[in-house]
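# Sequence and predicted structure below; questions after.
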Amino acid sequence: MPSEPHKITLTMDGVEVEAEEGQTLLEVARQAGISIPTLCYHPVLEPYGACRLCVVEVGRHGRSQIVTSCTMPAEEGQVVQTASPAVIKARRMVLALLLSRCPSVPLLQDLARQYGITEPPFAAEDPNEKCILCGLCVRTCHELVKAKVLNFADRGISRVVGPAFMEKTRDCIGCGACTIVCPTGAIEIVLEQAAIYQAKPLGPTSAIYVPTLQAVPRVPVIDTDSCIRFRQDARTGGKIADACGVCEALCETRAISFDQQDEVLDLNVGAVIVATGFADFDPHLSPQYSYGKSPNILTGMEFERLSNSSGPTGGQILTAEGVPPKSVAILHCVGSRDEHTNKHCSRVCCMYAMKQAHLVRDKTGADVFEFYMDIRAFGKGYEEFYERVQEEGVHFVRGKGAEVTVRSDGKLVVKGEDADIGRVVSVTVDMVILGTGMTPQPDATEVGHLFGLGCGNEGFFTEAHPKLRPVETNTDGVYLAGTCQGPRDIPDTVAHANAAAAEVIALLNRGEVTISPTTAFVVEDLCSGCRTCVDLCPYTAISFVIEEDGHGHARVNDALCKGCGTCAAACPAKAIVARHFTDAQIIAQIEGLFRARKAAQVTEG
C-alpha cells in the first residue's frame, strides 16, 4: 500500500489550511475555495509562471515576498496573502501590460475591469493581437502531444509563437490541443470547410464520450481515431507511444487503460436476440435537397445532437453563423415513401419532425414550415401532440418538399407543392431539417446469412409470422428485437424487445425441446465430400466432418434442420435423404391417391 502523503499546515488569508507536502500554493488555494487568477496554468503541465498573474504574498520568519503561486511549493508555517495591496498592485501592472498588448480579448477586458482598469495604458501595435505569449500551446505541443510543432521565436517585443520558420509543416496532426488550452482564443485550426461539413457537419466530437445516455454499462469509451495518444502511436510507428495521457492523469479512480485490446469471445448460448437496429437514410442519395452544400442543412439526427444539452452549442439552436434561426423548414419523408429511394414508411418521421418543430418554436420563436404528404400520428397521445404543435403556430404545408437550393448569401430556398391550394410554393429559411427515414443496416444480408434469416423487400429481417410470431424467426432459438425487423418508434421497440426476451426465457426454461421429425440425414457411404449442401443450407444445419481415417463427409444437425429439402434436391450423389419424403414414399402417396380415385369411380359405376 502506498504511504499517506505528509500533511503540512499553513495560513492563507488568515485561515489555517491543511495541504499535502509537494502541492503548490495555487493548488492549495483552489482546494480551500480561494480564487487566484491565472492564464498559463494547466493541471497536467509542469507549472511555468509565465503570465505572472497568479502572484501572492508569502511571509515567513518575518520576511515577505511576491511569488507566483503556481510554482511556489507549500511549506509548513507559511503565511500567504492572496489579495494584499502589494498583490493587487502587481496584478494591476501585469493586466495593464497584457491589455496593452491584446486590447480586444474579452477575457483580459473582464479581468482588467475587476482590478479597476478600463482602458489600456499604452497603445497597441496590433489591436487584433490575441496571443499573450503564455506558452501553454508550446508546452502542450511538446509535453503532451509530443509533436513539437509550436515554438517561441525572436525576442522582446518581436517574440511570436508558431512552427519552425513560421512555415506550414506536416508534423502538425491537427489535434486541436493548442486551441483548447489557449486562454485567449489566439489559435485557430484552418481546414477546408467542405471537408469539415462532409465528415462532421456539427464539428468534431470528443475523443472520450459516452455512446448514448442509455448505454449499458454507462461508461465512456475512447475513440482511437480521434485520441492524440493513439494517433501519434500510429503515425510514428510506435516511436511516440506515450503522448498526451491527460485523461489517465486526471482520472481519480485510475480507470483509464491504454493497453486494452479488442477481444473476440466465443460463448455457448441457448438463444440469440438479433437487435442490430437501423441505419439513418443518407440524404446524399437525394441530391435535390442539397445536403452537404450548406452547414445549415441538417438531418433529423444531426438536429437532435444540436438541440441536446450535451451537444456542440449546449442545447442552443443556432445556425452555422452562430445565431438563432429566424425561419426553419422541416421536410418529411426524406428517403421514405419514395419510388426513387425507399417505398416503405419509416413510421417515426412525422412525430420526430413535429417534436423538432416544437423545440425550434420553444427555444427560438422562429417561423417553422413543415412540408408533409400525410401526418401519421398513430400512437397514444400522438394526435393530441399534432394539434398542440398546430396551436403553437407551426405552418403545415401539405405537399412533399421537392427541392432545396442554396443562395449566394447563404439563405436556403425550399420549393414544394401545396396540395391544399393547388400550386407550387417556396419559402426562404435560415435552416432546413431533413426528416430522414429508417433503412436496413448495410450488412443486414451478411448477418442474415450468419443466423439463417431472410430479408424482406425493404431489406429488414423477416419474422416467422407478422401477427402470430412477430419476434420469432424460422431459425429456432433466434429472435428479432427492434428496428432490425422493421421501422418502429421507441415504445413499440421496447415492447418488441420485451417480447423477445420473454420468448428466450420461455425457451431456456423448458429443459427439453421437441424438434420436428422431418429432417434430412446423410448416407455417409455415398457422400463424396463435395460440400455443395454445406453452402446451400439456409439454416447452417450441415457441417463437414473428417473422420480418423481421413474420410470426410457431410453431417446434418437435427436440431437446426427444418426439413426444407434443399440439400436433398441439390446433392449430386443422392447421398442426402429427407425423412418421410423419400422418392419411394412420395410415389406411394401418389399411387395411393390414384387408387382411391379409381375405387371411387368403380363404386359410382
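Here it is on my side, so go on. Residues are numbered from 1 along each chain as shown.

# ok, I297 - contacts?
By C-beta atoms under 8 Å, 6 or more residues apart in numbering, the residues touching I297 are 289-291, 404, 406, 412, 431-432, 434. Where you see a C-beta, it was placed from the backbone N, CA and C, and this is true even at glycine.

# Angles on the backbone of it, please.
Dihedral pair for I297: phi -100, psi 110, per degrees, to the nearest 10.

# For it, give the beta-bridge partners.
Beta bridges link I297 to V432 when assigned by DSSP bridges.

# quick one: it from R347, how far?
The spacing between I297 and R347, counted by C-beta to C-beta, to the nearest Å, is 24 Å.

# circling back: got a ChimeraX select line for the buried ones in the contacts of I297?
For the buried members of the contacts of I297, the matching ChimeraX selection, counting by 16 or more other C-beta atoms under 10 Å, is:
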select :289,290,291,404,412,431,432,434
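
# need the contacts of I297 in TSV with pLDDT, secondary structure and distance to P440, can you?
Compiled in TSV, the contacts of I297 are given as follows (pLDDT from 0 to 100; DSSP: H, G, I helix; E, B strand; the rest coil; distance: C-beta to C-beta, whole Å):
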residue	pLDDT	secondary structure	distance to P440
Y289	96	helix	21
S290	95	coil	26
Y291	95	coil	20
V404	96	strand	26
V406	95	strand	31
L412	96	strand	30
M431	96	strand	29
V432	97	strand	26
L434	97	strand	19
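
# any idea which of the contacts of I297 is closest to G238?
Of all the contacts of I297, Y291 has the smallest distance to G238: 39.8 Å, by C-beta to C-beta.

# quick one: the closest one and L285 touch, right?
No. The criterion here is C-beta atoms under 8 Å, and Y291 misses it with L285 at 9.2 Å.

# now do the same end-to-end measure for stretch 366-385.
End-to-end span of stretch 366-385 (C-alpha to C-alpha, to the nearest Å): 19 Å.

# again with stretch 219-238
End-to-end span of stretch 219-238 (C-alpha to C-alpha): 28 Å.

# now stretch 27-36
Start-to-end, stretch 27-36 (C-alpha to C-alpha) is 10 Å.

# likewise stretch 24-43?
Stretch 24-43 has an end-to-end distance of 11 Å (criterion: C-alpha to C-alpha).

# Equivalent analysis for stretch 364-382, please.
Terminal residues of stretch 364-382 lie 23 Å apart, using C-alpha to C-alpha.

# Distance from that stretch to the middle of the chain?
Distance of stretch 364-382 from the chain centroid (C-alpha atoms, centre = their mean, to the nearest Å) equals 26 Å.

# Offset the numbering so it begins at 885, please.
Right, with 885 as the first residue, what we last looked at is stretch 1248-1266.

# Would you mark the buried spots in it?
For stretch 1248-1266, by 16+ other C-beta under 10 Å, it's 1248, 1250-1257, 1259-1261.

# Stretch 1304-1318 too?
Within stretch 1304-1318, the residues scored as buried using 16+ other C-beta under 10 Å are 1311, 1313-1318.

# Make a markdown table from the residues you listed and add distance to A1037 to it.
Formatted as a markdown table, the buried residues of stretch 1304-1318 follow (distance: C-beta to C-beta, whole Å):
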| residue | distance to A1037 |
| --- | --- |
| V1311 | 53 |
| V1313 | 48 |
| D1314 | 43 |
| M1315 | 43 |
| V1316 | 46 |
| I1317 | 47 |
| L1318 | 48 |
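
# Closest one of those to G906?
When these are compared for distance to G906 (C-beta to C-beta), M1315 wins out at 52.8 Å.

# Could you check how far the residue nearest in space to the middle of the chain is from C1417?
Geometric centre of the chain, nearest residue: P1095, 5.7 Å, by C-alpha atoms, centre = their mean. Between P1095 and C1417 the computed distance is 42 Å (C-beta to C-beta).

# and if you look at G1046?
Counting by C-beta to C-beta, the gap from G1046 to C1417 is 69 Å.

# got it, and A1452?
Relative to C1417, A1452 is positioned 8 Å away (C-beta to C-beta).

# same check, this time on G1338
Distance check for G1338 against C1417: by C-beta to C-beta, it reads 19 Å.

# can you check L894 too?
Distance of L894 to C1417, given as C-beta to C-beta: 83 Å.

# Would you agree G1340 is in contact with G1332?
No. With contact defined as C-beta under 8 Å, G1340 does not count as touching G1332 (10.6 Å).

# between those two, who's got more neighbours?
The neighbour comparison of G1340 against G1332 (other C-beta atoms under 10 Å) goes to G1332, with 22 against 14.

# three-state assignment of that one?
Following DSSP: H, G, I helix; E, B strand; the rest coil, G1332 is assigned to helix.

# Domain parsing of this structure, as residue ranges.
891-998, 1020-1074, 1153-1398, 1404-1467 (automatic domain parsing).

# Quickly, which of those bottoms out on average pLDDT?
Set side by side, these give their lowest mean pLDDT on domain 1020-1074, at a mean of 85.

# what is the rounded mean pLDDT of stretch 1477-1489?
The model assigns stretch 1477-1489 a mean pLDDT of 75.

# What ranges does the stretch 885-1034 of the chain have for its strands?
Listed in chain order, the strands of the stretch 885-1034 of the chain (DSSP state E, counting those that start in this stretch) span 891-896, 899-904, 939-944, 947-952, 963-965.

# With mean neighbour count added, can I get the ones you listed in CSV?
Putting these into CSV (neighbours: other C-beta atoms under 10 Å) gives the following:
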stretch, mean neighbour count
strand 891-896, 16
strand 899-904, 15
strand 939-944, 21
strand 947-952, 14
strand 963-965, 20
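
# Output the ones you listed in CSV, with distance to A1070 appended to each entry.
Listed next are those as CSV, based on distance: least, C-beta to C-beta, whole Å:
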stretch, distance to A1070
strand 891-896, 33
strand 899-904, 34
strand 939-944, 23
strand 947-952, 22
strand 963-965, 32
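
# which stretches of the stretch 1335-1484 of the chain form helices?
Under the criterion DSSP state H, counting those that start in this stretch, the stretch 1335-1484 of the chain contains helices at 1374-1392, 1416-1420, 1450-1454, 1467-1488.

# which helices and strands does the third one pack with?
I take that to be helix 1450-1454. helix 1416-1420, strand 1460-1462 (3 or more C-beta pairs under 8 Å, 6 or more residues apart in numbering; DSSP states H and E).

# and F1114, that's in a helix?
Yes. Judged by three-state DSSP, F1114 forms part of a helix.

# Quick one, grab the pLDDT at it.
We have a pLDDT of 91 for F1114.

# which residues does it contact?
1106, 1108, 1142.

# how about the residues you listed in a markdown table, adding neighbour count, distance to D1304 and secondary structure?
Compiled in a markdown table, the contacts of F1114 are given as follows (neighbours: other C-beta atoms under 10 Å; distance: C-beta to C-beta, whole Å; DSSP: H, G, I helix; E, B strand; the rest coil):
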| residue | neighbour count | distance to D1304 | secondary structure |
| --- | --- | --- | --- |
| I1106 | 18 | 52 | strand |
| T1108 | 14 | 53 | coil |
| F1142 | 16 | 60 | coil |
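
# Return the member of those residues nearest to C1448.
Using C-beta to C-beta, T1108 comes nearest to C1448 of the contacts of F1114, at 44.1 Å.

# which one is the closest one nearest to, not counting chain neighbours?
Spatial nearest neighbour of T1108, chain neighbours left out: F1114 (4.1 Å); criterion: C-beta to C-beta, 6 or more residues apart in numbering.

# So the one you found versus M1050, what's the distance?
As judged by C-beta to C-beta, F1114 and M1050 stand 30 Å apart.

# and the helix or strand harbouring T1312, how far from the chain's centre?
T1312 belongs to strand 1307-1313 when assigned by DSSP states H and E. Taking C-alpha atoms, centre = their mean, one finds strand 1307-1313 lying 34 Å from the centre of the chain it belongs to.

# strands paired with that strand, and their directions?
Take DSSP bridges as the rule and strand 1307-1313 pairs in its sheet with strand 1296-1302 (antiparallel).

# Do a quick rundown of the helices in the stretch 935-1084 of the chain.
Using DSSP H, counting those that start in this stretch, the helices found in the stretch 935-1084 of the chain span residues 969-985, 990-998, 1020-1023, 1061-1065, 1077-1083.
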